[in-house]
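S.K.: 3D model of this:
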Amino acid sequence: MQLKKYFIKMENILIIGCGLLGSSLLRRIKKKKIANKIFIYEKSKKNIRKIKRLKLPGIILKNLEDGVKKADLIILCTPMSEYKNLILKMNNFLLPKTIITDVGSSKTESLKIIKKFLRKDVNWTQSHPIAGSEVSGPENGKQNLFENKWCVLIKEKNTKKNHIIKLSNFWKKVGSKVVIMSSDKHDKIFSITSHLPHLIAYNLVKSAQDFEKNQKYDLIKYSAGGLRDFSRIAASNEIMWRDIFFNNKKNISKAIDLFIKNLNSFKKDINSKNNKSILRKLIQTKKVRTKIIKLKQDIDKPDFGRS
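M.R.: Got it, this is the predicted structure:
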């Protein structure tokens, strides 16, 4: 799809949920002058206090409907388990011209909720900016969080072309690189590139905890680079990742099966001391790291959050 490259400044943007991603968007929208007014709806009193203390830009709303009535663009930055209730709260106040999007990490199941509960004359075009951190909350937001990161836009049969164009231009203005795909393709890809790695990290850290408890060793203080870096991933927001695991369960289950198959193959090589087989695997997997750097998805000497 050929997308027009012009960008028209929006009058009003409503951000629902002002944690890491929401506050990062808030900062970026203000810096890049993407909208005249930014409204914030945040149900956490703790986060509201932080927003005020940090003196973040935007107008904090007490009532969701006040922002919904005025918004040209609504961006949901909440856990996906909150989508249904938010849709039901917004439905009576939404304007047909308003574009709704989100930053959720799995799409097929949330699309079912959108189709079932959202008013039929309103359109929701899903987004997934591939950006984040193990830390959460508005105090950890960064205005450059989305810079040079991919943002996936979901295009289905009924997706309006002008919404894709406007959202593409919006995310590019934010600093992202935009790619368009179906929800099915998205969930299959990210079950391997994102969801399975996080699940492995959680499981590895739990295994270390269980080992420490069973063996009564002071294990954690001897954490080498591997466990330390996995622990950073495993420190991610538990509600968000519960929702991702549940919403993409079919693809994640298949990814787990593939992982177990390959893990058992490694186990077999180790137990049999199959030098040729295990070296072939180890050399083959190194090529992925080289490709990631070549594609500029990482740098030669990443700090893995240590700086």
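
S.K.: can we go C-alpha only for contacts and neighbour counts from here?
M.R.: Noted.

S.K.: the nearest residue to Phe266 once chain neighbours are set aside and Asn148, how far apart?
M.R.: Residue nearest to Phe266 in three dimensions, not counting chain neighbours: Ile278, with 6.8 Å by CA to CA, 6 or more residues apart in numbering. For Ile278, the distance to Asn148 (CA to CA, to the nearest Å) stands at 36 Å.

S.K.: quick one: the residue nearest to Phe266 and Lys268 touch, right?
M.R.: No. Ile278 lies out of contact with Lys268 (CA atoms under 8 Å); the separation is 9.3 Å.

S.K.: in terms of neighbours, single out the busier of these two.
M.R.: Between Ile278 and Lys268, Ile278 has the larger neighbour count (other CA atoms under 10 Å), namely 17 against 14.

S.K.: which elements pack onto the host helix or strand of the more buried one?
M.R.: In the assignment (DSSP states H and E), Ile278 maps to helix 275-294. Here helix 275-294 touches helix 249-272, going by 3 or more CA pairs under 8 Å, 6 or more residues apart in numbering; DSSP states H and E.

S.K.: got the buried residues for the helix it packs on?
M.R.: Buried residues in helix 249-272, counting neighbours by 16 or more other CA atoms under 10 Å, are found at 249, 251-252, 255-256, 266, 269.

S.K.: what's the answer for stretch 77-90, then?
M.R.: Going by 16+ other CA under 10 Å, stretch 77-90 has these buried residues: 77-81, 83, 86-87, 90.

S.K.: so what's the residue lying closest to Asn140 once chain neighbours are set aside up against?
M.R.: Leaving aside its sequence neighbours, Asn140 sits nearest to Leu20 (CA to CA, 6+ apart; 5.9 Å). Neighbour list for Leu20: 132, 135-142 [criterion: CA atoms under 8 Å, 6 or more residues apart in numbering].

S.K.: what separation do you get for Leu20 and Glu139?
M.R.: 8 Å.

S.K.: find me the pLDDT at the residue nearest to Asn140, would you?
M.R.: At Leu20, the model reports a pLDDT of 95.

S.K.: can you list the low-confidence ranges for the protein?
M.R.: 1-8, 299-307 (pLDDT under 70).

S.K.: please enumerate the strands of it.
M.R.: Taking DSSP state E as the criterion, the chain carries its strands at 10-16, 35-41, 59-60, 73-76, 99-102, 123-124, 127-129, 150-154, 177-181.

S.K.: neighbouring strands for the second one, and are they parallel or not?
M.R.: Strand 35-41 sits in its sheet next to strand 10-16 (parallel), strand 59-60 (parallel), going by DSSP bridges.

S.K.: right, and these - which one's nearest Ala235?
M.R.: Closest approach to Ala235 among these (CA to CA): strand 10-16, 23.5 Å.

S.K.: so how far is that closest one off the chain centroid?
M.R.: Offset of strand 10-16 from its chain centre (CA atoms, centre = their mean, to the nearest Å): 20 Å.

S.K.: which non-adjacent residue is nearest the residue nearest the centre of the chain?
M.R.: For the chain, the residue nearest the mean C-alpha position is Ser105 (4.4 Å; CA atoms, centre = their mean). Closest residue to Ser105 apart from its sequence neighbours, by CA to CA, 6+ apart: His128 at 6.0 Å.
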